[in-house]
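Trainee: A structural model of the following input is requested.
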Amino acid sequence: MTTTTLAVLVPLLPFLGSVAGLLLGRTAPGFVRPLAVLPTFASAVLAALVAARQGGGQAIDAATRLTPTGSVPVDLSLHIDGFAALVAVLVGVVATCVQIYSTGYLREDPRYPSYAALVSLFTSAMLLVVYSGDLMVLLVGWEVMGICSYFLVGHYWETPEARAASLKAFLVTKLGDVPFLIGLFALAVDAGTFRITGVLGAVANGGLDHPTVIALLLLAGVAGKSAQFPLHTWLPDAMAGPTPVSALIHAATMVAAGIYFTARLLPVFAASAAAMTVLAVMAAITMVGSALAALAQDDIKRVLAYSTIGQLGYMAGALAVGDRGAAVFHLLSHAAFKALLFLAAGVVIHAAGTNSLTAMSRMSGLAKRIPDAYWTMTVALLALAAIPPFAGFFSKEAVLVAAEHTALGERTVAPAGAGWTVLVAGLLTALLTAAYALRLWLRTFRGRGAEAPGASPTGEATSRQPIAMTSVLWVLAIPSLGFGLTAAYLDDWFDGNPLTPTLTTAVLGTGLAVAGAAITYAVWRTLATRTPVAAPAPHVAHPEADAGRVEAEALHLPHPAEDPADPGRALLGPLYGPASDGFHLDAVYRTAFVRPVLAAASLVRFLDREVVDTYVGAAGGSAKGLGWLVRRAQTGNVQTYLGALLAGSVVLAIVAVALANAVAGA
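Mentor: Just a heads-up that it's a prediction; the model follows:
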């Protein structure tokens, strides 16, 4: 079988599995789980075969004309280089892990068939984005992922949080997609083609007439999809969906799409120094702001969500300094340990049987009750904190090295100012990341919070975890620990740029990470000795695991900002309140956009009801009144009609005589 045929089957198999799952979900429920897992697993295997054949060498290109357009042609094409080959393997592996995990996590969910089918469709759409060699076909996968995220985030539609989160995710990403679509058309007009190879060729030949405008329009879509400032606010709220969906969105699909798209078309962005500077500033604000916000969250899934935003900031920072190899390397590394973090958090939630346990202030004794999640999550957090030799250390160092080279003028793809911006923000974020990672670990597994409602203090939860869930954790722990060691062997896959750490950034980055962790641990120890153990809360029954966030007041829990044992509060000081609320960015959006739109809608409603309806009503009333007068004149009496005719004739005669005299006198 040719490589092209294998590549076509990679996105096609999950799509067929999705269609079959939707059709057989009710009539043959026994086929739902195999249709969810097997096509996705087969797709991952085929993606690995394609990567092995591609080998980081010459890109694989194949195309056929999709339809005649009369202007810029649209082709059904493949373009598989080293980036695409490895990212497709990543998508297939993580999606397979999520599907296997979901068979245990959602085994009692009545809507599992539709959920599994949507996950398969989500996977297929991302694989289409990865392999597509035509921007219009890529856009199809891009938008299909958006609608899949809407349905999956809103899976628990009974809860207002899930409904609001799904709508917010859809609208915020669409806010970026509108300029993104305009940018794609502008790019195609300048380049004369939607083919990625044609676009890159046009850039190399100086064929873009408006590179800055095009790049900035495309960045709007990237910011929405990959949750970059200022369009990142949808991602923390998307935690209202099932935890496996969070793992899929944060690790291998959706948010990875924007970074991958920018890496694929990096020469387009590099053609504009202004666009690279904007991308660097956007990445720096995203990194630091999200790390501060993560340090103030009490919900474990929101900590991980803000963590994803920050790590995506690292990837965007690598792209801003012109090193797409470092960006994609960190994308691959991050996917492994972030998927592991979310799935381990899902084990925590599943063990408790209630989403209330996502509040770290309530956690107690989890290390003994769920040892699989404890050990694998420890590995993932070490990778997140970029502690050597875990995967995150090598990929984060690749980003910092790229920023250092640009800042010192050793690489001229981007302005030196962009390099300094990314380097300083990346080092500061390394300190903050280690701080919130250790804070999460301490409060989750070493906390002294009251037992969560419904949780078993006797260790019985250990035996209740399905093997489908715990086995996946150990599978993902392997790349989280060892993937970074492959950095020296991936140069050929990533443009030939070295991905190995240098002494300067390794010492600075690791030193700051260790300092952040040490300070956090010292503060936690001090607070732990001063704070009494929390009293148990009343039992509150919840029918579904992860069915929506439980309000702290309903469970009589302390508000996170008032938790005296939280080291994040002590570390952030007056920043704690704003950081816990995402620096009030949603409030800014409500003031700047939502309220004006609502006010405009109210004005339109007033004009429609009081002005337009008034004129329409007056026109109707006039016709009605005229009809009433005419009806009154219709008496049916012939003498009356003749009298009226005679009177009218006399009046007309008088008027005619008067007019004649007036004309004669003139």
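Trainee: Need phi/psi at Leu503.
Mentor: phi -60, psi -40 (degrees, to the nearest 10).
Trainee: err, Leu78, not the other one
Mentor: phi -110, psi 140.
Trainee: now do Ser77
Mentor: Main-chain torsions, Ser77, degrees, to the nearest 10: phi -130, psi 160.
Trainee: Any figure for the gap between it and Phe194?
Mentor: According to CB to CB, to the nearest Å, Ser77 and Phe194 sit 9 Å apart. C-beta here means a position set from N, CA and C on the backbone, and glycine is covered the same way.
Trainee: Looks to me like Pro267 is in a helix.
Mentor: Yes - the assignment for Pro267 is a helix, going by DSSP: H, G, I helix; E, B strand; the rest coil.
Trainee: From Leu503, how far off is the nearest residue to it once chain neighbours are set aside?
Mentor: Once flanking residues are discounted, Pro267 sits nearest to Val203: 4.5 Å by CB to CB, 6 or more residues apart in numbering. Here the criterion is CB to CB. By it, Val203 lies 35 Å from Leu503.
Trainee: what about those two, which has more around it?
Mentor: Taking other CB atoms under 10 Å, Val203 and Leu503 do not tie; Val203 has more neighbours (21 against 7).
Trainee: what about Phe194, neighbour count?
Mentor: Look at Phe194: counted by other CB under 10 Å, it has 26 neighbours.
Trainee: one step back: run through the neighbouring helices and strands of the helix or strand containing the residue nearest to Pro267.
Mentor: In the assignment (DSSP states H and E), Val203 maps to helix 196-204. Helix 196-204 sits against helix 135-153, helix 160-191, helix 266-270, with contacts defined as 3 or more CB pairs under 8 Å, 6 or more residues apart in numbering; DSSP states H and E.
Trainee: Show me what counts as buried in it.
Mentor: Under the neighbour-count criterion of 16 or more other CB atoms under 10 Å, helix 196-204 has Ile196, Gly198, Val199, Leu200, Ala202, Val203 buried.
Trainee: In TSV, list the residues you listed along with pLDDT and distance to Pro39.
Mentor: As requested, the buried residues of helix 196-204 are exported to TSV (pLDDT from 0 to 100; distance: CB to CB, whole Å):
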residue	pLDDT	distance to Pro39
Ile196	94	27
Gly198	93	32
Val199	95	32
Leu200	94	32
Ala202	94	37
Val203	94	37
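Trainee: any idea of the angle the helix holding Val203 forms with helix 160-191?
Mentor: Orientation of helix 196-204 against helix 160-191 (axes from the mean of the first three to the mean of the last three CA atoms, to 10 degrees) gives an angle of 60 degrees.
Trainee: Closest to the centroid, which residue in the protein?
Mentor: Closest to where the C-alpha atoms of the chain average out (CA atoms, centre = their mean) is Val255, at 4.4 Å.
Trainee: Now do the same contact list for it.
Mentor: Lys225, Ser226, Ala227, Leu235, Ile249, Thr308, Leu312 (CB atoms under 8 Å, 6 or more residues apart in numbering).
Trainee: tell me which of those residues is nearest to Tyr436?
Mentor: The closest of the contacts of Val255 to Tyr436 turns out to be Thr308 (CB to CB; 12.3 Å).
Trainee: Skip the chain neighbours and tell me the closest residue to the closest one.
Mentor: For Thr308, the spatially nearest residue (CB to CB, 6+ apart) is His250, at 4.4 Å.
Trainee: Who are the packing partners of whichever strand or helix holds the one you found?
Mentor: Per DSSP H and E: His250 is located in helix 243-251. If contacts are counted by 3+ CB pairs under 8 Å, 6+ apart, helix 243-251 sits against helix 82-105, helix 112-131, helix 135-153, helix 300-320, helix 324-352.
Trainee: Could you pull out the helices in the stretch 351-500 of the chain for me?
Mentor: 366-369, 371-384, 391-407, 416-445, 467-482 (DSSP state H, counting those that start in this stretch).
Trainee: Give me the distance from the following helix or strand past the helix holding His250 to the chain's centre.
Mentor: Downstream of helix 243-251, the next assigned helix or strand under DSSP H and E is helix 255-264. The chain centre lies 12 Å from the centre of helix 255-264; the measure is CA atoms, centre = their mean, to the nearest Å.
Trainee: same question, stretch 185-194
Mentor: 27 Å.
Trainee: can you list contacts of it?
Mentor: So stretch 185-194 is contacted by 72-75, 134-136, 184, 198-199, 201-203, 207-210, 213-214, 217-218, 268 (CB under 8 Å, 6+ apart).
Trainee: Filter these down to the buried ones, ChimeraX style.
Mentor: In ChimeraX, this line selects whichever of the contacts of stretch 185-194 come out buried by 16+ other CB under 10 Å:
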select :72,73,74,75,134,135,136,184,198,199,202,203,208,213,214,217,218,268
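Trainee: any idea how far Gly198 is from Val72?
Mentor: 10 Å.
Trainee: Kindly report the same for Pro29.
Mentor: For Pro29, the distance to Val72 (CB to CB) stands at 46 Å.
Trainee: One more: Leu118?
Mentor: 32 Å.
Trainee: shaky segments in the stretch 551-666 of the chain?
Mentor: The model of the stretch 551-666 of the chain has pLDDT under 70 over residues 551-563, 666.
Trainee: how about the helices in it?
Mentor: Taking DSSP H, counting those that start in this stretch as the criterion, the stretch 551-666 of the chain carries its helices at 567-572, 576-580, 585-589, 595-606, 613-633, 638-665.
Trainee: how about these in JSON lines, adding mean neighbour count and distance to Met145?
Mentor: Below are the helices of the stretch 551-666 of the chain laid out as JSON lines (neighbours: other CB atoms under 10 Å; distance: least, CB to CB, whole Å):
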{"stretch": "helix 567-572", "mean neighbour count": "22", "distance to Met145": "33"}
{"stretch": "helix 576-580", "mean neighbour count": "19", "distance to Met145": "29"}
{"stretch": "helix 585-589", "mean neighbour count": "15", "distance to Met145": "23"}
{"stretch": "helix 595-606", "mean neighbour count": "10", "distance to Met145": "26"}
{"stretch": "helix 613-633", "mean neighbour count": "10", "distance to Met145": "43"}
{"stretch": "helix 638-665", "mean neighbour count": "10", "distance to Met145": "77"}
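Trainee: now those helices as a markdown table including distance to Val399?
Mentor: As requested, those are exported to a markdown table (distance: least, CB to CB, whole Å):
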| stretch | distance to Val399 |
| --- | --- |
| helix 567-572 | 24 |
| helix 576-580 | 24 |
| helix 585-589 | 25 |
| helix 595-606 | 38 |
| helix 613-633 | 60 |
| helix 638-665 | 94 |
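Trainee: relative orientation of the helix holding Val203 and helix 135-153 in degrees?
Mentor: Going by the same axes, to 10 degrees, helix 196-204 makes 120 degrees with helix 135-153.
Trainee: For helix 196-204, which outside residues touch it?
Mentor: 61, 79, 132-135, 138, 187-188, 190-193, 207-208, 211, 264-265, 267-268, 271.
Trainee: Are any of these buried, and if so which?
Mentor: Counted by 16+ other CB under 10 Å, the contacts of helix 196-204 give 79, 132-135, 138, 187-188, 190-191, 193, 208, 211, 264-265, 267-268, 271 as buried.
Trainee: where does the stretch 201-350 of the chain dip in pLDDT?
Mentor: In the stretch 201-350 of the chain (pLDDT under 70), no residue qualifies.
Trainee: same thing with the stretch 351-500 of the chain?
Mentor: Within the stretch 351-500 of the chain, the stretches with pLDDT under 70 are 352-357, 448-464.
Trainee: re earlier: in JSON lines: the helices and strands packed on helix 196-204, plus distance to Ala280.
Mentor: Shown next, in JSON lines, are the helices and strands packed on helix 196-204 (distance: least, CB to CB, whole Å):
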{"stretch": "helix 135-153", "distance to Ala280": "24"}
{"stretch": "helix 160-191", "distance to Ala280": "18"}
{"stretch": "helix 266-270", "distance to Ala280": "11"}
